[in-house]
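Asks: Generate a structure from the sequence data that follows.
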Amino acid sequence: MLDQFSRPETNQIVAFLEKIGLSVRAADITERAFLPGIQIAGGVLLIDDARLEWPGDLLHEAAHLALTPADQRASIEYNVGQDGGEEIGALAWSWAALCHLQLAPDIVFHAGGYRRESKSLIENFSAGRYIGLPFLRWLGLAGDDFPHMIKWLRD
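Replies: The predicted model follows:
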């Protein structure tokens, strides 16, 4: 795959998401999006490179797709993450992904998001206090050697 996005982190994240089986596509997003430059339509993660502010947001949104049962993934539209348990699971999934990709924590947990709790999230995950890990274990995605993942997508 040729690099199709302007930032190396975006290309690295997209390559990873495609490798694990999530659908990603470049798009022009003209309507207001929950996160700038990102939208989900029909279970596909759409990226508007010109409007994307934080490449790490792709991992968090992808986490919601990954935590959705496979048979429901294609029906996901626009905004995901309305369930609190799934939201904290998405935090843990995002942490595991950034570790796997060897990205700096603030690429995902940036100052522009997470209701100004990004520093606290980074401190907790860095100290081994894995918020959301029980949810990932319950789904069979992670085990005792977190942030290593058993698998990335929910069946």
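Asks: Quick one: residues in contact with the helix or strand encompassing residue 58.
Replies: Assigned by DSSP states H and E, residue 58 belongs to helix 57-67. Helix 57-67 is touched from outside by 10, 13-14, 17, 20, 22, 24, 35, 38, 40, 43, 45, 47, 52, 73, 76, 80-81, 86, 89-91, 93-94, 97-98, 108, 113, 135, 139, 141, 152-154, with contacts defined as Cβ atoms under 8 Å, 6 or more residues apart in numbering. Every C-beta, even on glycine, is put in place using the N, C-alpha and C of the backbone.
Asks: Give me the mean pLDDT for the longest helix seen in the chain.
Replies: Among the elements of the chain assigned as helix by DSSP state H, the one spanning the most residues is helix 84-101. Across helix 84-101, pLDDT averages out at 94.
Asks: Can you give me the buried ones in it?
Replies: Of all the residues in helix 84-101, those buried under the rule 16 or more other Cβ atoms under 10 Å are 86-98, 101.
Asks: Dump the residues you listed into JSON lines; add distance to residue 67 as well.
Replies: Formatted as JSON lines, the buried residues of helix 84-101 follow (distance: Cβ to Cβ, whole Å):
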{"residue": "86", "distance to residue 67": "6"}
{"residue": "87", "distance to residue 67": "10"}
{"residue": "88", "distance to residue 67": "10"}
{"residue": "89", "distance to residue 67": "5"}
{"residue": "90", "distance to residue 67": "6"}
{"residue": "91", "distance to residue 67": "11"}
{"residue": "92", "distance to residue 67": "10"}
{"residue": "93", "distance to residue 67": "6"}
{"residue": "94", "distance to residue 67": "11"}
{"residue": "95", "distance to residue 67": "13"}
{"residue": "96", "distance to residue 67": "12"}
{"residue": "97", "distance to residue 67": "12"}
{"residue": "98", "distance to residue 67": "16"}
{"residue": "101", "distance to residue 67": "18"}
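Asks: Many thanks, have a good one.
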